[in-house]
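In: give me coordinates for this.
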Amino acid sequence: MPIFRLEGDDITNAKLVIAQETDLELESHLEDWLENSPWALIQDELILWIDRQPSARDEEGTVFPDLLGVDAEGNLVIVELKRDQAPREVVAQLLEYAAWANDLSDKQIQQIAEDYFETHGEFNEKQFHNVYKDVFEIADTDEMPPLNRNLRLYIVAGNIPTRVARVCRFLRTSQGMDINCIDVSTFETKTGERLVSMEAKVGDEDVIAPKTQRHRTTPTSRWSGDKLVKDVVWEAVEELMQGDKEFFAPKEVTACILEKYPDFNSSTVSCQIASDCVNHTSRHHYPGGSDRYWWISKGKYRLYDPEKDKVENTADTLQD
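Out: Modelled structure (predicted):
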């Protein structure tokens, strides 16, 4: 799919000009971009990275997954990156990482994360559970979700060939594995501006329970309804804020949504609220957000009032 830029001073009379597609120079560049942009891998979701190329040891030696993270539900996220075309062997490689990660205990995950935080100034010397609660806006009095209940696997490459996509789609729809393939393309404009396109080749399909478990397991799926995620969240907030209620918490919104839409991906709720929150520190991560909410404190929001809420005066209040 081509990427266009607008050329011309007048937006009404501007022309669409195709940006020139370029090659990824180094695999590490893609790794850097995703590590620095934890909201970019999964639409409407935030990932907390807990390691980059951790040492995954097995009987035959050591392998190194490119990125390891956790999502808002405590699931582990494993990402394998390829600069060019993903080879057929990448599926086996990713499954090796999954087999290693599947056996990690909560204590091991926390230790991996804290070792990684030592090299990242933002979280340096912080304990895993404190970072997790801050990132996903879990109140200090609330319990964290159990870790590593499920694995989410990602192949991100300059080209996902049909054979790789077919195998991953089979694993996803017939074997119940949450495995995803993302095609990455880079472009450059005449002015030197770099553009990146990320297109899901596998991942929109529902995750279905393996055949051996279908008689006792309810199939799980991601949200695929007709409404936009942000509109579903907004409807729930409006319902919650009827009457004299002054503020709401993301977990209340999630509970309200799941009553109507049991298949809704609850891990998207906090990120969607943050993207539509005028004064949230993560607002700049989500371009195109709506001015709907006002951040009060961790896990606590109210409706935005443009008459009294001044964004420029909130710099001191955004640090939790």
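In: my guess is residue 53 meets residue 63, correct?
Out: No - between residue 53 and residue 63 there is no contact under C-beta atoms under 8 Å: 9.6 Å. For every residue, glycine as well, the C-beta is placed using N, CA and C.
In: now do the strands in the stretch 1-150 of the chain.
Out: 4-7, 15-18, 20-22, 48-52, 56-58, 61-63, 67-70, 76-85 (DSSP state E, counting those that start in this stretch).
In: tell me where the model's unsure across the stretch 1-150 of the chain.
Out: Filtered on pLDDT under 70, the stretch 1-150 of the chain yields the residue ranges 1, 24-27, 56-61.
In: nearest residue to residue 137 in space, please, no chain neighbours.
Out: residue 299 (4.6 Å; C-beta to C-beta, 6 or more residues apart in numbering).
In: number of nearby residues for that neighbour?
Out: Residues within reach of residue 299, counting by other C-beta atoms under 10 Å, total 22.
In: now do the contacts for it.
Out: For residue 299, the contact set (C-beta atoms under 8 Å, 6 or more residues apart in numbering) comprises 137, 138, 139, 142, 249, 250, 251.
In: of those, closest to residue 191?
Out: residue 137 (37.8 Å; C-beta to C-beta).
In: the closest one: what's it in contact with?
Out: 250, 270, 274, 298, 299.
In: let's see it at 6 Å
Out: 270, 298, 299 (C-beta atoms under 6 Å, 6 or more residues apart in numbering).
In: which one of those is nearest residue 39?
Out: residue 270 (11.4 Å).
In: any idea how far that closest one lies from residue 295?
Out: 11 Å (C-beta to C-beta, to the nearest Å).
In: and residue 47, by the same measure?
Out: Counting by C-beta to C-beta - residue 47 and residue 295 are separated by 21 Å.
In: residue 124 now?
Out: From residue 124 to residue 295 the distance is 24 Å (C-beta to C-beta).
In: quick one: which of those two has more around it?
Out: Taking neighbours as other C-beta under 10 Å, residue 124 and residue 295 compare with residue 295 leading, 25 against 10.
In: helix, strand or coil for the more buried one?
Out: strand (DSSP: H, G, I helix; E, B strand; the rest coil).
In: now swap in the one 10 residues further on and tell me
Out: Reducing the assignment to helix, strand or coil with three-state DSSP, the entry for residue 305 is coil.
In: and if you look at the one 3 residues further on?
Out: When the structure is reduced to helix, strand and coil (three-state DSSP), residue 308 reads as coil.
In: can you report how many residues lie near it?
Out: There are 7 residues near residue 308, going by other C-beta under 10 Å.
In: and residue 252, helix, strand or coil?
Out: helix.
In: count of residues packed around residue 242?
Out: So residue 242, with other C-beta under 10 Å, has 7 neighbours.
In: now residue 114. Nearest residue, chain neighbours left out?
Out: residue 128 (5.5 Å).
In: having no further points to raise, I will conclude here.
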